[in-house]
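structure here, sequence nowhere to be found:
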């Protein structure tokens, strides 16, 4: 790629594909600077990614690499304010443009970005683009770039399906086919465990695993958004520091959640397969497959979130009566038999919900504060209640009865010191006068 050749690459997750194409792209742009005038939004390199999180991750990595150069990086993804993204594009020249197909099409249709001068085109996770139905949008974007003979095209995919190879023939010019075939599909740095359990026991099993001191940072995967949402809410009630990344979560919240997980503020991240591809978070010690993935390749990407960059990790998968049949295709892809065990009884024990003592406290304080305010008002205006409170304060009555016989009831109401008694007597003396 450093020599300008087109390339179609296949590599295992976590092997540094992103760094490879970014370094190649940045090197090419630095070697061939543009001295003529340029339009705002006129990109020199276009990088397409299937998910928002992956696009943002690539954009952040690119910004780190060009920090000490004059190159500018712009990231355009859906779910965020279009106007704010447009302001950034119009403020600085666009050397490297990273984005998802949908939002890039919005900008291209509004003529806020221009792709006719693209020198390098990178399509990452092409197989995922196919699965998510983005290929029609990608085709339109590619048509707006120069002919394939006049640009460098780098296409990456986790798998080489016939559809991916057909796309590579259309978009690349005499590409170099590079396939990094690992000895094993799943990395050796991840210890894989399969627990045979029931659907009802899954949540208790998950809680007990998360309570283990050895679990420092964990990603919990499920197939559907509703399962993820339920898991997130139940774990939060149990007192875990947990975040949620799924398609129905607003993009701003997803970014904040991911940042909190990266800096250690959150211990548990519940996610759909949106987070299973390409997101690199340092120090993920465990990955839990609450439900087994329907696509065997997704299993490889899920467990690839741990054991990255030479570190070790542990993958724990739950197989129940609903999804145990998905194990066979996964084992076929991995070309190995996965160890299946029954969990210990201690891991299936019920975990009591944490006691909540804080909410009642403010209610008591409010009641105490309101009591002294309410009593004088009722005492001054209502004369039917004093009879109920007479037995509570009989001694004050005995002291004041000789002086004021008609006003016996008023002093009986107040449990206040003697200094306040004259005030009440003055009020009652004025009433008969009126």
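Yes, it's here. Please read all numbers here as calculations on a predicted model, not as lab measurements. Numbers count the residues shown, from 1 in each chain.

which other residues reach stretch 255-263?
Residues outside stretch 255-263 that contact it (CB atoms under 8 Å, 6 or more residues apart in numbering) are 53, 56, 217, 243-245, 249, 266, 269, 275, 279, 281-282. C-beta coordinates here come from the backbone N, C-alpha and C atoms, glycine included.

between which two of those is the distance greatest?
The span of these, defined through CB to CB, is set by 249 and 282 at 22.4 Å.

for residue 230, what are phi and psi?
With angles defined as degrees, to the nearest 10, residue 230 sits at phi -60, psi -40.

so who does residue 273 touch?
221, 223, 293, 298, 301-302.

just these: which has the poorest pLDDT?
Minimum pLDDT for the contacts of residue 273 is recorded at residue 301 (82).

pretty sure that one sits against residue 128.
No - the criterion here is CB atoms under 8 Å, and residue 301 misses it with residue 128 at 9.0 Å.

pLDDT, secondary structure and neighbour count added to the contacts of stretch 255-263, as JSON lines?
Below are the contacts of stretch 255-263 laid out as JSON lines (pLDDT from 0 to 100; DSSP: H, G, I helix; E, B strand; the rest coil; neighbours: other CB atoms under 10 Å):
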{"residue": "53", "pLDDT": "85", "secondary structure": "helix", "neighbour count": "23"}
{"residue": "56", "pLDDT": "91", "secondary structure": "helix", "neighbour count": "22"}
{"residue": "217", "pLDDT": "90", "secondary structure": "coil", "neighbour count": "20"}
{"residue": "243", "pLDDT": "93", "secondary structure": "strand", "neighbour count": "24"}
{"residue": "244", "pLDDT": "92", "secondary structure": "strand", "neighbour count": "24"}
{"residue": "245", "pLDDT": "89", "secondary structure": "strand", "neighbour count": "23"}
{"residue": "249", "pLDDT": "84", "secondary structure": "coil", "neighbour count": "20"}
{"residue": "266", "pLDDT": "92", "secondary structure": "coil", "neighbour count": "18"}
{"residue": "269", "pLDDT": "92", "secondary structure": "strand", "neighbour count": "26"}
{"residue": "275", "pLDDT": "61", "secondary structure": "helix", "neighbour count": "25"}
{"residue": "279", "pLDDT": "67", "secondary structure": "coil", "neighbour count": "23"}
{"residue": "281", "pLDDT": "79", "secondary structure": "coil", "neighbour count": "16"}
{"residue": "282", "pLDDT": "78", "secondary structure": "coil", "neighbour count": "10"}
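
where do the strands sit along the stretch 251-400 of the chain?
With DSSP state E, counting those that start in this stretch as the criterion, the stretch 251-400 of the chain has strands at 268-271, 286-289, 313-319, 340-341.

switch these over to TSV; also include distance to residue 42.
Output for these, formatted as TSV (distance: least, CB to CB, whole Å):
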stretch	distance to residue 42
strand 268-271	36
strand 286-289	41
strand 313-319	43
strand 340-341	56
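
buried residues in the helix or strand hosting residue 29?
Using DSSP states H and E, residue 29 sits within helix 17-31. Neighbour-count burial for helix 17-31 flags 17-18, 20-22, 24-26, 28-29 (criterion: 16 or more other CB atoms under 10 Å).

buried set for whichever helix or strand comes after it?
Proceeding N to C from helix 17-31, the next assigned helix or strand is strand 45-48, under DSSP H and E. Within strand 45-48, the residues scored as buried using 16+ other CB under 10 Å are 45-48.

likewise for stretch 92-103?
93-101, 103.

just give me the closest of the residues you listed to residue 343.
residue 100 (39.5 Å).

surely that closest one and residue 58 touch.
No - judged on CB under 8 Å, residue 100 makes no contact with residue 58 at a distance of 10.7 Å.

show me the shaky parts of the stretch 1-150 of the chain.
The model of the stretch 1-150 of the chain has pLDDT under 70 over residues 1-2, 12-15.

gap between residue 126 and residue 164?
Separation of residue 126 from residue 164 (CB to CB, to the nearest Å): 5 Å.

with residue 317 instead?
27 Å.

which of these two has more neighbours?
Neighbour comparison, residue 317 and residue 164: the larger count goes to residue 317, with 25 against 20 (by other CB atoms under 10 Å).
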